[in-house]
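>>> Sequence plus the predicted model coming up.
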Amino acid sequence: MTFDEDFAADLRPSEAPTGVIVSALRWDILNEWVRFLNDDKHPDKTAEMAYVWGFINRDFGGDALRCLWSKHETNYPMFAEAVWLLHREFSGGAGSDHHPLFADVPPIPADVLFRKIANSSAVAFRKLTEDQMVEILRKAPQDYAAMR
């Protein structure tokens, strides 16, 4: 089975559907998190440096992250919704309600999730510093909840 990308070839990153962005990031983050949990290099999975070197500093999702930050610039409510969904699934434990692949996968602490997204975004989106991105990501779920 192949994916026909022709329909989206002319889209700018800001035009990418939020659902597509969230789906791409969801699977990238889940794969990275499971890889981290199964990696024997960092036996204490709750240690700060284990998070940093085993999970946060591993890049992922370049195109999807460019699209996410483009949403931040052009359509903040959609950006906030995307971050809220990722936060709810990974840090809030709602992922297992949506897909069996999340079953028995421990939640990612919210700060670690936001640092992971910001760290990988620093390469894909250079208009903000990593610290600025973390602050924006921390605030987005609350902003979205207030908009609902």
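Now that the structure is in, tell me what you want to look at.

>>> Excluding sequence neighbours, find me the nearest residue to residue 77.
residue 147 (6.0 Å; Cβ to Cβ, 6 or more residues apart in numbering). C-betas here are computed from N, CA, C, even on glycine.

>>> Make sure the one you found is actually in contact with residue 79.
No: taking contacts as Cβ atoms under 8 Å, residue 147 lies outside contact range of residue 79: 11.4 Å.

>>> Pull up the gap between the residue lying closest to residue 62 once chain neighbours are set aside and residue 67, please.
Spatial nearest neighbour of residue 62, excluding adjacent residues (Cβ to Cβ, 6+ apart): residue 124 at 4.8 Å. To residue 67, residue 124 is 9 Å away according to Cβ to Cβ, to the nearest Å.

>>> buried set for the helix or strand that contains residue 132?
Using DSSP states H and E, residue 132 maps to helix 130-147. Within helix 130-147, the residues that count as buried by 16 or more other Cβ atoms under 10 Å are 133-134, 136-138, 140-141, 143-144.

>>> And stretch 57-77, by the same measure?
Here stretch 57-77 shows 60-61, 64-72 as buried, counting by 16+ other Cβ under 10 Å.
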